[in-house]
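Novice: structure of the sequence below:
(one chain, ligands or ions: 1)
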Amino acid sequence: MAAKKTSENKKSYNKIFSKLKEHHKWFSESIPLIASENIPSPAVREAVATDFGNRYAEGWPGERVYAGCLKIDEVEVECMNLAKRLYDAEFADVRPISGVVANLAIYSAFSDPGDTMLAPSIPAGGHISHGKKEHAGTAGFVHGLDIMFYPFNAQEMTIDVDETKKRVTKMAEAGKTPKIAMFGGSLFLFPHPVGELAEFLKGYGMHINYDAAHVAGLIAGGRFQDPLREGANTMTMSTHKTLFGPQGGLILGSAAHEESIKRAVFPGLTSSHHINNMAGKAVAFAEALEFGKKYAAQVIKNAKVLGESLSSEGFKVLGESRGFTESHQIALDVLQYSDGGVAEAELEKANIIVNRQLIPGDIKAGRNYFHPSGIRLGVSEITRLGMKKSEMQEIASLIRQVVIDGRDTGSVRSKVKELRKEYQKVRFCFRGSQLGAYEYVKLR
Ligand SMILES: *Cc1c(COP(=O)(O)O)cnc(C)c1O
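Specialist: Okay, here's the model as predicted:
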């Protein structure tokens, strides 16, 4: 009996490792265009694999609840200092384990259940963590906030300043003045009008948070916008989308917000804060300080070229009147060929990894998350691998072959594999190990 059971267990155990290896190989032969993803350096992977991941360090450096944190404290102080330097901020809390947890800490610190928050709707680029209770959005479902959407200009693909002022004035008259104004989003082509609205919103006593989950690496590189200078009180983010991190979260603000944020993060929202990932964030922040400017510039250049190329290939690219994008993202409306869900599945067969995307107008037209009009593309990861203009043009052509021409996905997949051969190392990082970007590391 016992022996048979063990062999079943070993089968499962072996299966896990063979799937992990297959995944690494697949991604080394694919074009990864998920805008929320990036590839960390071997240095970040090394930090994440350390014993820090097996420890607890509840609380703040120097005031921990457990012993054994001497080295952890030194790394965490370094991590906070790097984050503050990277974003020119007075205060950094590096403990949130994700962007969602960082946002929830802001809701907890600066609002009460039943308060109202102003945020972008999902088709206008908002994230589910800004969402309403009826959609199980974090803000509504977990913290009990009422959500009021910003008026959005779909032509310009950004928040409408004048209409927002009118809406807020009406809400104030109705006794529903929002407590928090949330900027930032997941479909995020152009900067949000933080500078244009900050003074007006603060006039109503609102706390302004900028969710930089997607554009954190661009902001770190001095591009896109500078929310903390434009009037945002606090900034939340994920550390792994355009930043170089392992998956994690970060909150920045001024000294005035320090105590409320610290309390919300611990004990409010974390016990372990995944200390190996904290060390990985520290390495990623050092890389961003050293290489972030060049990286951000190349990301935006690549995104613009990809947008222009897709438009020349015949696609309807959003934000055309503004040059398609100022970020790492491109959004396509593919409804005339199929829909976002079908395009995503076909492209995946060709090893081109994208995600379907709700875009402005979809909800009104009765479309849903499974079959929206759009797909979203991001160039953070392929830029980190060293791709430039001519690769962007080739990728646009490959996407056309699948989505517009309906070409056999197997033949496109061969071309994708060929294109990827040259791009197997992570760039924009300190010289060191030549471990491949998707090389599988065996420790067993
Ligand atoms: C991805 C994203 C988040 C969530 O970040 P996680 O790190 O995945 O929890 C929050 N806000 C926005 C705008 C995002 O795009």
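
Novice: wait, what's in contact with the residue in the chain that the ligand sits nearest to?
Specialist: Going by Cβ to the nearest ligand atom, the ligand is nearest to residue 99 of the chain, at 2.5 Å. C-beta: built from backbone N, CA, C; applies to glycine. Residue 99 sits next to 127, 129, 211, 213, 236-238, 249 when contact means Cβ atoms under 8 Å, 6 or more residues apart in numbering.

Novice: near residue 63, how many other residues are there?
Specialist: Using other Cβ atoms under 10 Å, residue 63 has 9 neighbouring residues.

Novice: now do the SS call for it.
Specialist: Put simply, residue 63 is coil when judged by DSSP: H, G, I helix; E, B strand; the rest coil.

Novice: ok so, going back, need the per-residue pLDDT for the residue of the chain closest to the ligand.
Specialist: pLDDT recorded at residue 99 is 98.

Novice: quick revisit: got CSV for the contacts of residue 99, with secondary structure and neighbour count too?
Specialist: Output for the contacts of residue 99, formatted as CSV (DSSP: H, G, I helix; E, B strand; the rest coil; neighbours: other Cβ atoms under 10 Å):
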residue, secondary structure, neighbour count
127, coil, 26
129, helix, 24
211, strand, 31
213, coil, 27
236, strand, 30
237, strand, 31
238, strand, 27
249, strand, 31
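
Novice: same for the ligand: which of those residues are within range?
Specialist: 127, 129, 211, 213, 238, 249 (Cβ under 6 Å from any ligand atom).

Novice: give me the domain ranges for the chain.
Specialist: 45-286, 291-420 (automatic domain parsing).

Novice: if we can go back for a sec, can you put the ones next to the ligand among the contacts of residue 99 in TSV and add distance to residue 45?
Specialist: Below are the ones next to the ligand among the contacts of residue 99 laid out as TSV (distance: Cβ to Cβ, whole Å):
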residue	distance to residue 45
127	27
129	27
211	27
213	21
238	18
249	19
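
Novice: quick one: the strands in the stretch 201-350 of the chain?
Specialist: 207-211, 234-238, 249-253, 316-317, 329-333 (DSSP state E, counting those that start in this stretch).

Novice: residues in contact with the first one?
Specialist: Around strand 207-211, the neighbours that count as contacts under Cβ under 8 Å, 6+ apart are 99, 103, 106, 110-111, 127, 129-130, 179-185, 192, 194, 198, 201-202, 227-228, 231-237.

Novice: give the pairing partners of it; include direction for each.
Specialist: strand 180-183 (parallel), strand 234-238 (parallel) (DSSP bridges).

Novice: keeping just the C-alphas, turn that strand into CSV.
Specialist: Written as CSV, here are the backbone C-alpha positions of strand 207-211 (Å, rounded to 0.1, in the frame of the first residue of the first chain):
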residue,chain,number,x,y,z
HIS,A,207,-6.6,62.0,-0.8
ILE,A,208,-5.0,61.6,-4.2
ASN,A,209,-3.4,58.2,-4.9
TYR,A,210,-1.7,57.4,-8.2
ASP,A,211,-1.6,53.7,-9.1
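
Novice: mind checking how far residue 418 is from residue 29?
Specialist: 10 Å (Cβ to Cβ, to the nearest Å).

Novice: so these two - more neighbours on which side?
Specialist: Between residue 418 and residue 29, counted using other Cβ under 10 Å, the more crowded position is residue 29 (18 against 11).

Novice: residues contacting the residue nearest to residue 349 when sequence neighbours are not counted?
Specialist: Leaving aside its sequence neighbours, residue 349 sits nearest to residue 409 (Cβ to Cβ, 6 or more residues apart in numbering; 3.9 Å). By Cβ under 8 Å, 6+ apart, the contact list for residue 409 reads 346, 349-350, 402.

Novice: and of these, the nearest to residue 44?
Specialist: residue 350 (29.2 Å; Cβ to Cβ).

Novice: and for residue 142, the neighbour number?
Specialist: By other Cβ under 10 Å, neighbour count at residue 142 equals 17.

Novice: wait, it sits on residue 104?
Specialist: Yes - counting by Cβ atoms under 8 Å, residue 104 is a contact partner of residue 142 at 6.3 Å.

Novice: the helices in the protein, which residues?
Specialist: 2-28, 42-48, 70-87, 99-110, 161-173, 194-203, 216-220, 227-230, 258-263, 275-312, 340-349, 380-384, 389-403, 409-420 (DSSP state H).

Novice: output the fourth one as PDB, nothing but the C-alphas.
Specialist: The C-alpha trace of helix 99-110 is given here as PDB (Å, rounded to 0.1, in the frame of the first residue of the first chain):
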ATOM      1  CA  GLY A  99      -0.100  46.000  -6.100                       C
ATOM      2  CA  VAL A 100      -3.500  45.000  -4.900                       C
ATOM      3  CA  VAL A 101      -2.400  44.900  -1.300                       C
ATOM      4  CA  ALA A 102      -0.700  48.300  -1.700                       C
ATOM      5  CA  ASN A 103      -4.000  49.800  -3.000                       C
ATOM      6  CA  LEU A 104      -5.900  48.100  -0.200                       C
ATOM      7  CA  ALA A 105      -3.500  49.700   2.300                       C
ATOM      8  CA  ILE A 106      -4.300  53.100   0.900                       C
ATOM      9  CA  TYR A 107      -8.000  52.500   1.100                       C
ATOM     10  CA  SER A 108      -7.600  51.300   4.700                       C
ATOM     11  CA  ALA A 109      -5.300  54.200   5.700                       C
ATOM     12  CA  PHE A 110      -7.300  57.100   4.100                       C
END
